[in-house]
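what shape does this take:
(chains A and B)
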Amino acid sequence: RKEVEQDPGPFNVPEGATVAFNCTYSNSASQSFFWYRQDCRKEPKLLMSVYSSGNEDGRFTAQLNRASQYISLLIRDSKLSDSATYLCVVNENGNQFYFGTGTSLTVIP
Amino acid sequence: GAVVSQHPSWVICKSGTSVKIECRSLDFQATTMFWYRQFPKQSLMLMATSNEGSKATYEQGVEKDKFLINHASLTLSTLTVTSAHPEDSSFYICSARDWRYSNQPQHFGDGTRLSIL
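Have a look, this model is predicted:
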């Protein structure tokens, strides 16, 4: 079983829509969690960390469910510029980082 | 914020050439850096974990004699693709994080696009 599982999509949504991605992880002792965004032919860039109580940054909301071992990312009022691949990353013990395969999002005009 | 610099950003070389890629942490120290490879439309694949002052740890299937890693200081790791061939053409990305904080995210370099003719 993979350490991190993520639905690869693609997700094609109209502008203004709300879209959510989930990511499950296998190690219950995982310590920290992140969402990254990767644009085509570019390096991943940190979008937001995921905190136990959930956190919000503008149109983006990240949540962690330790009991069910998943993290989620919610994007409200999608913009064309949100089109990218979204990667979830799980840190198990300091230097062990595991990446999901990425979820492709295309926002359509 | 933490910044990781990677150089060069683009390399085009003849087959058989060795190519060195540098990864620097600019405003923090990193005892560990990571090297990834990404083929078009595929996920990031971890190649190896670079450890300052000791040997790198390679993932299964990655040839250590082909991909030489040197992490001689707390701010610099290098990846050398030796005798590169067209199948080595890919997007190589490094990452690092500030070793002082256990829950810090990784920060990525800009990546190096390697094309072997």
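
next one, pLDDT for residue A:94 please.
Looking at residue A:94, its pLDDT is 68.

contacts only, for residue B:48.
B:34, B:35, B:56, B:57, B:58, B:59, B:62, B:64, B:67, B:69, B:79 (C-beta atoms under 8 Å, 6 or more residues apart in numbering or on different chains). For every residue, glycine as well, the C-beta is placed using N, CA and C.

ok, of those, which come out buried?
Buried by 16 or more other C-beta atoms under 10 Å in any protein chain shown: B:34, B:35, B:56, B:57, B:58, B:62, B:67, B:69, B:79, out of the contacts of residue B:48.

pipe the residues you listed into a markdown table and attach distance to chain A, pLDDT and secondary structure per row.
Below are the buried ones among the contacts of residue B:48 laid out as a markdown table (distance: C-beta to the nearest C-beta, whole Å; pLDDT from 0 to 100; DSSP: H, G, I helix; E, B strand; the rest coil):
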| residue | distance to chain A | pLDDT | secondary structure |
| --- | --- | --- | --- |
| B:34 | 7 | 94 | strand |
| B:35 | 12 | 96 | strand |
| B:56 | 13 | 94 | coil |
| B:57 | 10 | 93 | strand |
| B:58 | 15 | 96 | strand |
| B:62 | 16 | 95 | coil |
| B:67 | 19 | 97 | strand |
| B:69 | 15 | 96 | strand |
| B:79 | 15 | 97 | strand |
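
buried ones in stretch B:18-36, by neighbour count?
So, applying 16+ other C-beta under 10 Å, buried residues of stretch B:18-36: B:19, B:21-25, B:28, B:30-36.

out of those residues, which is nearest to residue B:101?
The closest of the buried residues of stretch B:18-36 to residue B:101 turns out to be residue B:28 (C-beta to C-beta; 9.2 Å).

not counting sequence-adjacent ones, nearest residue to the closest one?
Using C-beta to C-beta, 6 or more residues apart in numbering or on different chains and skipping residues adjacent in sequence, the residue nearest residue B:28 is residue B:98, 4.1 Å away.

dihedrals phi and psi, the one you found?
phi -70, psi 120 (degrees, to the nearest 10).

so who does it touch?
Here residue B:98 is in contact with B:2, B:25, B:28, B:29, B:30, B:104 (C-beta under 8 Å, 6+ apart).
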